[in-house]
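Student: following is a predicted model, sequence given first.
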Amino acid sequence: MPRFPLRLRKLLPVLLTGTVGAGAAIFFAGTSDAAATLGASAEAKGRYFGAAIAASKLGDSTYTRILKSEFTSVTAENEMKWDATEPSRGVFNYTGGDRILAQAQANGQKVRGHALAWHSQMPGWAQSLSGSTLRSAMLNHVTQVATHYKGKIHSWDVVNEAFADDGRGSRRDSSLQRTGNDWIEAAFRSARAADPAAKLCYNDYNTDGVNAKSTAVYNMVRDFKARGVPIDCVGFQSHLTNSAPGDYQANLQRFADLGVDVQITELDISGSGQAAAYAAVTKACLAVARCTGITVWGIRDSDSWRTGTNPLLFDAGGNKKAAYTSVLNALNAGGSTPGGGCTATATAGTVWGDRYNTSVTVTGASTWTVVVALTAPQKVSTVWSGAASWDTSGNVMTVKSNGSGNTFGFTTTFNGNTSARPQVRSCTAG
Ligand code: G3I
């Protein structure tokens with residue numbers, strides 16, 4: 001039962017058992033638990049808070065406890081990469097990626113896809129290709145993987161790390177780059193065709209401040225937008241040491257001003273300035289309306305690829321570090337909310353053996369749009385006093401006011417899962 005205050009989580013089964021058929025109303029979701037976890041606090045600001053995870057660690061109970069309670073989005077650290085998903089040409093293996101997806105869906109978490117086309121971690125067979133053969137193998141890979149995960153990924157890193165660190169903003173030399181300068185846009189077009197619902201991102205590192213590399217990416221995004229190449233977001237990896245660049249927020253904002261979302265995709269920070277730098281990054285994201293979420297690159301320090309530098313929010317024992325508190329406080333302190341302008345509070349209604357009711361009351365606006373996340377295999381069977389639509393997964397319901405007042409309700413069938421409850425994701429006025 002993710003993102004319920006612990007106090008309420010313990011009480012809920014008792015209360016719900018007591019209300020079967022009774023129709024009693026119990027407050028169980030909304031915005032009052034915003035201070036409790038990274039995920040709930042970010043959600044109260046209209047953003048996700050994610051972590052990169054490894055399928056091989058899903059049997060570790062400390063790891064999964066933190067994963068379930070703190071995060072609303074996950075990224076596969078390695079399992080959706082080219083070498084993992086297409087180990088032999090035309091032979092696809094989704095075992096690790098599917099495991100991560102299933103775990104995320106069971107927890108009601110979003111999934112970021114990482115990464116469709118990247119010069120690194122290419123399988124051996126692809127490393128031996130070049131020119132048009134490599135181009136078509138890469139595009140087929142993008143199409144196949146994006147099609148396999150169609151409708152299940154909120155954002156894909158379509159192309160990863162295609163620019164050089166030469167201080168001149170050049171493209172990185174790679175076998176992919178040598179197939180022609182248009183390889184990036186070709187990958188984006190293939191991804192869009194395969195999964196029209198996913199946000200398509202370009203993702204890179206050392207682009208966190210205004211510099212030659214980030215400006216080169218900026219110019220590419222501006223050109224893509226001008227020519228109608230499908231790009232929706234830019235990922236800033238943010239593998240930092242000691243501090244964030246002073247112009248971190250300004251850099252995010254200049255990309256957002258091009259008409260794309262921005263996301264912090266692989267955040268980890270080493271060094272003595274860690275806690276303050278985490279706060280600065282979090283505040284910068286909250287201050288940019290199109291910064292839609294933050295992902296940290298691992299859960300505990302012992303899970304980090306930056307061995308020995310302890311750059312994450314939990315120590316090796318799974319304890320919260322000062323950096324964790326710093327992020328949580330920053331999330332709970334102000335900042336702009338995408339949409340916003342109203343508050344939606346969910347209240348539990350009647351519970352039957354196979355289904356239960358929920359009502360949601362909106363304050364702060366007379367016309368509104370409320371987004372509610374469900375946990376599969378639960379399904380909404382009836383909605384009243386609001387106009388509902390669903391995303392392609394069927395797990396995210398958007399309800400708009402329809403003139404029936406400020407409270408809408410819905411019935412959800414358990415379908416075998418009696419513990420999960422809907423979560424109010426956002427309330428937007430108008
Ligand atoms: O799973 C095998 C294991 O069976 C084997 O014994 C071991 C021996 O080398 O290797 C293990 O695989 C390693 C894998 O991580 C899982 O631990 C790979 O060798 C290793 O190359 C791989 O490193 C990953 C790295 O990307 C590869 O470039 C890191 O986990 C991952 O955190 C890192 O993530 C990247 C992002 O994708 C892109 N941005 C930078 C970021 C950090 O480098």
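Tutor: Arrived safely, thanks for sending. Residues are numbered from 1 along each chain as shown.
Student: which SS class is Leu286?
Tutor: For Leu286, the secondary structure call by DSSP: H, G, I helix; E, B strand; the rest coil comes out as helix.
Student: pLDDT score assigned to it?
Tutor: Model confidence at Leu286, given as pLDDT, is 96.
Student: residue boundaries of the strands in the stretch 51-200 of the chain?
Tutor: For the stretch 51-200 of the chain, the strands identified by DSSP state E, counting those that start in this stretch occupy 73-76, 110-118, 155-160, 199-204, in order along the chain.
Student: mind putting those strands into TSV with distance to Gln274 and mean pLDDT?
Tutor: C-beta coordinates here come from the backbone N, C-alpha and C atoms, glycine included. As requested, the strands of the stretch 51-200 of the chain are exported to TSV (distance: least, CB to CB, whole Å; pLDDT from 0 to 100):
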stretch	distance to Gln274	mean pLDDT
strand 73-76	21	98
strand 110-118	23	98
strand 155-160	25	98
strand 199-204	22	98
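Student: verify the stated contact: Ser404 with Ala387.
Tutor: No. Ser404 sits out of contact with Ala387 when judged by CB atoms under 8 Å, with a separation of 9.4 Å.
Student: ok, these two, which is more surrounded?
Tutor: Using other CB atoms under 10 Å as the criterion, Ser404 and Ala387 rank with Ala387 on top: 14 against 11.
Student: out of the strands of the stretch 51-200 of the chain, the one nearest Val383 is which?
Tutor: Checking the strands of the stretch 51-200 of the chain against Val383 by CB to CB gives strand 110-118 as the closest, at 22.3 Å.
Student: what about Phe410, how many residues close to it?
Tutor: 24.
Student: distance of it from Thr37?
Tutor: Note on Phe410: its distance to Thr37, by CB to CB, to the nearest Å, is 25 Å.
Student: same check on Val262?
Tutor: Following CB to CB, the distance that separates Val262 from Thr37 is 23 Å.
Student: hmm, Arg192 is touching Pro230, no?
Tutor: Yes. Distance between Arg192 and Pro230: 4.0 Å, which falls inside the contact criterion (CB under 8 Å).
Student: and for these two, which residues touch both?
Tutor: With contacts defined as CB atoms under 8 Å, 6 or more residues apart in numbering, the residues shared by Arg192 and Pro230 are Leu200.
Student: neighbour count: those two, which is higher?
Tutor: The neighbour count for Arg192 versus Pro230, taken as other CB under 10 Å, is higher for Arg192 (20 against 17).
Student: how close does the more buried one sit to the ligand?
Tutor: Arg192 sits at a distance of 22 Å from the ligand (criterion: CB to the nearest ligand atom, to the nearest Å).
Student: got it, and Lys225?
Tutor: Distance of Lys225 to the ligand, computed by CB to the nearest ligand atom: 24 Å.
Student: and the strands of the stretch 51-200 of the chain, which is most packed in?
Tutor: Each of these was scored by mean neighbour count; the highest is strand 155-160, a mean of 28, by mean count of other CB atoms under 10 Å.
Student: what pairs with it, parallel or antiparallel?
Tutor: strand 110-118 (parallel), strand 199-204 (parallel) (DSSP bridges).
Student: for the ligand, which of those is the nearest?
Tutor: Nearest of the strands paired with strand 155-160 to the ligand, taken as CB to the nearest ligand atom: strand 110-118 at 6.2 Å.
Student: what's the residue of the stretch 301-430 of the chain found nearest the ligand sitting at in phi/psi?
Tutor: Using CB to the nearest ligand atom, the single residue of the stretch 301-430 of the chain nearest to the ligand is Trp305, 3.5 Å away. When read as degrees, to the nearest 10, the backbone of Trp305 gives phi -70, psi -20.
Student: list the residues that contact it.
Tutor: For Trp305, counting by CB under 8 Å, 6+ apart, the contacting residues are 77, 297-298.
Student: just those: which are in helices?
Tutor: Counting by DSSP state H, no part of the contacts of Trp305 is found in helices.
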